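A.B. asks: sequence and predicted structure, then a few things I'm wondering about:
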Amino acid sequence: MKGAVLRIGDVVRATGLTADAIRFYEREGLLPRAARTSGGFRQYEPSAVDRLSFIKQAQAHGLSLREIRDLLAAQGRPGRERCERVRQLVENRLRLLDEQRRELDAFCATLREYLAMCDRALAQPGQPTCPVVEDLGRERRKQSAG
């Protein structure tokens with residue numbers, strides 16, 4: 001396939017991405033601008049398939065387009081420099097995920113508390129008021145007053 005060029009439909013079939021997604025990555029600078037035929041059709045190098053597969057996999061792992069752009073830029077650096085840049089990116093991402101996990105753990109604790117409040121209310125005879133709705137209403141009023 002050396003020297004071969006691919007049209008966007010070929011790249012779509014090879015990557016599973018949509019043509020719009022491919023054009024988006026091109027606009028965002030994640031994929032080099034495709035050469036054009038005299039008729040205006042995009043022509044991609046076969047390496048575009050590997051690059052797009054990398055982008056797709058990196059996104060599936062939760063990396064942002066900015067992080068992916070940094071990883072792609074690191075590919076042109078010498079070995080140690082590339083590895084240091086990638087390590088920094090991974091460390092920053094891990095720090096962010098740890099922070100998000102702490103926030104999610106706190107939110108889960110709140111939801112468990114709300115669930116217990118609902119269970120206690122529903123265990124009472126009659127038509128209880130919903131303690132969660134009342135609690136949320138109090139929080140909203142506190143925020144409005146403060």
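C.D. replies: Looks like it came in fine.
A.B. asks: now for the longest helix along the chain, which elements pack on it?
C.D. replies: Among all segments of the chain classified by DSSP state H, the helix with the greatest residue count is helix 79-122. Secondary-structure packing of helix 79-122 (3 or more C-beta pairs under 8 Å, 6 or more residues apart in numbering; DSSP states H and E): helix 65-74, helix 131-145. All C-beta atoms are positioned from the backbone trio N, CA, C, and that covers glycine.
A.B. asks: now do Tyr114 against Tyr44, distance only.
C.D. replies: Computed with C-beta to C-beta, to the nearest Å, the distance linking Tyr114 and Tyr44 is 52 Å.
A.B. asks: Arg120: which of the helices and strands packed on helix 79-122 is closest?
C.D. replies: Minimum separation from Arg120 across the helices and strands packed on helix 79-122 (C-beta to C-beta) falls at helix 131-145, 7.5 Å.
A.B. asks: buried stuff in the closest one?
C.D. replies: Residues Val132 are the ones in helix 131-145 that count as buried (16 or more other C-beta atoms under 10 Å).
A.B. asks: and it, how far out from the chain's middle?
C.D. replies: Per C-alpha atoms, centre = their mean, to the nearest Å, the displacement of helix 131-145 from the mean C-alpha position of its chain is 32 Å.
A.B. asks: just the CA coordinates for it, please, in CSV.
C.D. replies: Backbone C-alpha positions of helix 131-145 (Å, rounded to 0.1, in the frame of the first residue of the first chain) are rendered in CSV as follows:
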residue,chain,number,x,y,z
PRO,A,131,-37.2,14.5,53.2
VAL,A,132,-34.8,14.6,50.2
VAL,A,133,-36.9,17.2,48.4
GLU,A,134,-37.2,19.2,51.6
ASP,A,135,-33.5,19.0,52.2
LEU,A,136,-32.7,20.1,48.7
GLY,A,137,-35.1,23.0,49.1
ARG,A,138,-33.4,24.1,52.3
GLU,A,139,-30.0,24.0,50.5
ARG,A,140,-31.3,26.1,47.7
ARG,A,141,-32.8,28.7,50.1
LYS,A,142,-29.5,28.9,52.0
GLN,A,143,-27.6,29.5,48.7
SER,A,144,-30.1,32.2,47.7
ALA,A,145,-29.8,33.9,51.0
